[in-house]
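[1] this one's sequence-less:
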């Protein structure tokens, strides 16, 4: 839908309809929509955990989604970079998942989860119904927590090949690892920091490359993230500017996501307003971070990650 300030995709279309019916069109802009959103949804409601959908293969080999509101079972979670033909939520519902190129990641994660005795697993491409804008909003706000609470996070590095499949030497593998697209994406920053256990695998046969501990030296050199942050130290012990620097060279497909993908690192929540632009998204993020930093320490909650 086009509004006065150009294309704008908002997480609740009812708000747009209400504004169009009650205000002159030239008064409708990103600020009025943001204010309307805040009047309807408090930050507390935005941070309320959403039902979590987990994948599993049934006894007959059928892939299914199961919903959990409370008492979520142990699960494995996938970290990856999106490709052109990923398995989506509708593919799981319609039974067309196997026709997608991204199904190899589903099989990869299912196999790795089973090896750890885990029946359930989660992938961002197909466990969120992105046709529901409110669900997408709440899922983005829950993302850091979902990765933090996973039993293990498996990283599928689509542009890294290792082992007998390619006959790579140790040196060539290290080069491929350090230049992987995974390290340049915005969303993968929280996927590296939030989970306790992060394990890296190559594409193809899914050869193990190492984990967050064994590859610690490489990861520090690639990302500039200090060792204590990788080991689970409370992220609030690092300055705002330092945490911002960890993300400064990372990119996202939608420019606003460069800001939205950092909410978990600062333990804040803001409405998702695609179309507002990167600058305005960062302004709102910083406003919320500044508000949080002024709260008494006792009201900031427990943001300590697991330490090893």
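    That came through fine. For clarity, every value in this text was computed on a predicted model and none was experimentally measured. Numbers count the residues shown, from 1 in each chain.
[2] CA atoms for contacts and neighbours, from now on please.
    Will do.
[3] ok, the residue nearest to residue 184 when sequence neighbours are not counted - how many residues close by?
    Of all residues not flanking residue 184 in the chain, residue 250 sits nearest, at 4.6 Å (C-alpha to C-alpha, 6 or more residues apart in numbering). Using other C-alpha atoms under 10 Å as the criterion, residue 250 is surrounded by 18 other residues.
[4] ditto for the one 10 residues further on
    The local packing count at residue 260 equals 27, with neighbours defined by other C-alpha under 10 Å.
[5] and what of residue 263?
    The local packing of residue 263 (other C-alpha under 10 Å) involves 23 other residues.
[6] spit out the contact partners of it.
    By C-alpha atoms under 8 Å, 6 or more residues apart in numbering, residue 263 lies in contact with 141, 269, 270, 285.
[7] run the last query once more with 7 Å
    residue 269 (C-alpha atoms under 7 Å, 6 or more residues apart in numbering).
[8] and for residue 87?
    Applying C-alpha under 7 Å, 6+ apart, the residues near residue 87 are 97, 100, 102, 103, 125, 126.
[9] columns neighbour count on top of those residues, output as CSV?
    Output for the contacts of residue 87, formatted as CSV (neighbours: other C-alpha atoms under 10 Å):
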residue, neighbour count
97, 21
100, 14
102, 18
103, 17
125, 17
126, 22
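[10] is it possible to export these to TSV including pLDDT and distance to residue 147?
    Shown next, in TSV, are the contacts of residue 87 (pLDDT from 0 to 100; distance: C-alpha to C-alpha, whole Å):
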residue	pLDDT	distance to residue 147
97	96	23
100	96	25
102	96	20
103	96	21
125	97	14
126	97	16
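[11] which one of the residues you listed is nearest to residue 114?
    Relative to residue 114, the closest of the contacts of residue 87 is residue 103; by C-alpha to C-alpha it sits at 16.5 Å.
[12] still on that earlier bit, quick one: pLDDT of the residue nearest to residue 184?
    Residue 250 is assigned 97 on the pLDDT scale.
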